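# Provide a 3D model corresponding to the input given below.
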Amino acid sequence: MSASASRYTPVAIALHWAIAVAIFAMIPMGWWMSEAINETGQQALAYRVFQIHKSVGFLILALTALRLAWRLTHRTPGMPAEMKTWETFAARATHAAFYGLMLALPLTGWLYVSTGWAVATDAPLAVATSWFGLFTVPHLPFIGEAAAGLRRAVAYQAMGAHGLMAWGAVVLIALHVGAALKHQFINRDGVLAHMIPVLKHGEGRTAPEPKPLLRRTERLAGLGFIAALAVAGGIAAKPAPLANGAGAEAHAAAAPAQAEAVVAPGTATAWTIDQAASTIEFTGTHAGKAFKGRFEQWEGQVWFDPADLAGSKAVVLVKTGTARTGDATQEGSLTGAEWLDPTAYPTARFETTSFKVLGGNRYEATGTLRIKATTVPVVLPFTFDEANGVATVAGKLELDRTALDLGMMSDAGGDWVSKAIGVEIKVTAKR
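Got it, this is the predicted structure:
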């Protein structure tokens, strides 16, 4: 495009300021959360800020793609004719560098979270990404399935590049703002009015468009600056060898499809569960903050009679992919291979082996709980009340997620998610 526009279009102006505000928020946010995530009292807030940081990053990536498409199809204002050759070269190279940064920063962040490795703790950490809690953003393909050593190396290099480019953004912002103020208050050529329409627009001549070779050189200079930062950051962040074989490969063999055993009925009274009036909920803490969730889909077969405990029986199948906490990031993480892994293990199974009277309306069910490939013994105290052929049952138990092999790669010590997970059932059933 040889001709120049007198000012930027309203769409270009809106995109420019939206991206600018997002970047201004992202840089201090990133610095603060990187430190706060290691402080026990600030972890819960830092975790939330991390999710916002990722969401804003994807917003910048989308807006930048739109801004580039708009830029390639619309004319832009020319440079003032009074500008020296080196000034116009620096200005255009800086613009190219900004476009490179606005793409490279979110992309390296996306690459980092896709590795499932936390640089801060130098340990696996599988955390899903949700866009402002509205929907889950998939990780980049193939990275998460790579060997642990490769994922660790990529995580360090991606974060190193990400961090150094953030400093590069600070430098470019300072240059950009400084140049804009110089044009407005020293040169008084109206350049700033191109992006702030309320300002007085300059009427001076504009310089001719540079020759194609010079234009390519300007772009290469700007993009080369970003590439140099990314490479330098990646090299400087090369991880040290892990001590004592820590972080060794975790076996991830494909699990066979689950086949649920046929349930032999008990001899006691059969009950039909009212799903709409019944719940299975779970509780715990995450990043120092309590959470509460539920399973939206499950089914149970129950035979129970206080007068025939020997013939009483219960089998409950829970669809692990329906765990809901109201937090899209938590829900996305729960579907990961090291947590509930519903792709390989679509159901969890609870089955009783015996019942005992505790007194009054209180009883105790002994049984087994299978989650993924692990089965553990459990004891469920519960109350049973019946009126007019309708029974209400309420019970609670506490599970040790470490015994069930849940989250053991990312958080074996319970630093993020509590080891103790409470489970509460409330069941309404009819004879």
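
# what comes up buried for the helix or strand encompassing Val423?
Counting by DSSP states H and E, the element that carries Val423 is strand 420-430. Using 16 or more other C-beta atoms under 10 Å as the test for burial, strand 420-430 gives 421, 423, 425, 427-429. Where you see a C-beta, it was placed from the backbone N, CA and C, and this is true even at glycine.

# Could you dump those residues into TSV with distance to Ala158 added?
What follows is those, written out as TSV (distance: C-beta to C-beta, whole Å):
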residue	distance to Ala158
Ile421	32
Val423	38
Ile425	43
Val427	47
Thr428	51
Ala429	52
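
# Just want the most central residue of the chain.
When the chain is reduced to its mean C-alpha position, the closest residue under C-alpha atoms, centre = their mean turns out to be Thr129, at 1.9 Å.

# which parts of stretch 387-394 are buried?
By 16+ other C-beta under 10 Å, the buried positions in stretch 387-394 come out as 391-393.

# Pull out the C-alpha coordinates of it and format them as PDB.
What follows is stretch 387-394 as a C-alpha-only set of coordinates in PDB (Å, rounded to 0.1, in the frame of the first residue of the first chain):
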ATOM      1  CA  ALA A 387     -41.500 -42.600  56.400                       C
ATOM      2  CA  ASN A 388     -44.400 -43.700  54.200                       C
ATOM      3  CA  GLY A 389     -42.100 -45.900  52.000                       C
ATOM      4  CA  VAL A 390     -39.600 -43.100  51.400                       C
ATOM      5  CA  ALA A 391     -36.100 -43.400  53.000                       C
ATOM      6  CA  THR A 392     -33.600 -40.600  53.600                       C
ATOM      7  CA  VAL A 393     -29.900 -41.500  54.000                       C
ATOM      8  CA  ALA A 394     -27.100 -39.200  55.000                       C
END
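
# residues in contact with the residue nearest to the centre of the chain?
Neighbour list for Thr129: 51, 54, 58, 110, 113, 136-137, 139, 329, 332 [criterion: C-beta atoms under 8 Å, 6 or more residues apart in numbering].

# Where helices are concerned, which of the residues you listed count?
The members of these that map onto helices under DSSP state H are 51, 54, 58, 110, 113, 329, 332.

# okay, those in TSV with distance to Pro377 and pLDDT next?
Shown next, in TSV, are those (distance: C-beta to C-beta, whole Å; pLDDT from 0 to 100):
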residue	distance to Pro377	pLDDT
Gln51	37	92
Lys54	40	96
Phe58	44	97
Trp110	43	97
Val113	37	94
Thr329	32	90
Gly332	31	91
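
# looking at those residues, which has the most residues close by?
Val113 (25 neighbours; other C-beta atoms under 10 Å).

# Leaving out chain neighbours, which residue sits closest to the residue nearest to the centre of the chain?
Of all residues not flanking Thr129 in the chain, Val137 sits nearest, at 4.4 Å (C-beta to C-beta, 6 or more residues apart in numbering).

# what sits against the one you found?
By C-beta under 8 Å, 6+ apart, Val137 lies in contact with 54, 58, 129-131.

# Asp305 in helix, strand or coil?
What DSSP: H, G, I helix; E, B strand; the rest coil gives for Asp305 is coil.

# Surely it is in contact with Ser312?
Yes - here Asp305 reaches Ser312: they are 6.1 Å apart, a contact under C-beta atoms under 8 Å.

# so Glu364 bridges to which residues?
Lys356, Pro381 (DSSP bridges).

# i'd like the first residue to be 664 from this point on
Renumbered: residue one is now 664, and that last one reads Glu1027.

# Now do the same contact list for it.
Contacts of Glu1027 by C-beta under 8 Å, 6+ apart are 1018-1021, 1042-1045.

# again, only this time at 6 Å
Counting by C-beta atoms under 6 Å, 6 or more residues apart in numbering, Glu1027 touches 1019, 1021, 1044.

# Format those residues as TSV; extra columns: pLDDT.
Formatted as TSV, those follow (pLDDT from 0 to 100):
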residue	pLDDT
Lys1019	96
Leu1021	97
Pro1044	98
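
# Could you list the domains of this protein?
Taking automatic domain parsing as the reference, the chain has its domains at 673-906, 933-1093.

# mind listing the helices for this protein?
673-699, 706-736, 748-778, 811-845, 875-899, 991-997.

# The helix or strand of the chain at the bottom of the mean pLDDT ranking packs against which elements?
Scoring the helices and strands of the chain by mean pLDDT, DSSP states H and E places strand 786-787 at the bottom, with a mean of 86. Counting contacts by 3 or more C-beta pairs under 6 Å, 6 or more residues apart in numbering; DSSP states H and E, there are no secondary-structure elements packed against strand 786-787.

# Kindly recompute the last result at 10 Å.
For strand 786-787, the packing partners by 3 or more C-beta pairs under 10 Å, 6 or more residues apart in numbering; DSSP states H and E come out as strand 780-781, helix 811-845.

# Between these, which one is closest to Ala756.
Ala756 sits nearest to helix 811-845 of all the helices and strands packed on strand 786-787, at 10.1 Å, using C-beta to C-beta.

# if we can go back for a sec, want to try JSON lines for the buried residues of strand 1083-1093, with distance to Pro873 and pLDDT as columns?
Formatted as JSON lines, these follow (distance: C-beta to C-beta, whole Å; pLDDT from 0 to 100):
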{"residue": "Ile1084", "distance to Pro873": "63", "pLDDT": "97"}
{"residue": "Val1086", "distance to Pro873": "68", "pLDDT": "98"}
{"residue": "Ile1088", "distance to Pro873": "72", "pLDDT": "97"}
{"residue": "Val1090", "distance to Pro873": "75", "pLDDT": "97"}
{"residue": "Thr1091", "distance to Pro873": "76", "pLDDT": "97"}
{"residue": "Ala1092", "distance to Pro873": "79", "pLDDT": "97"}
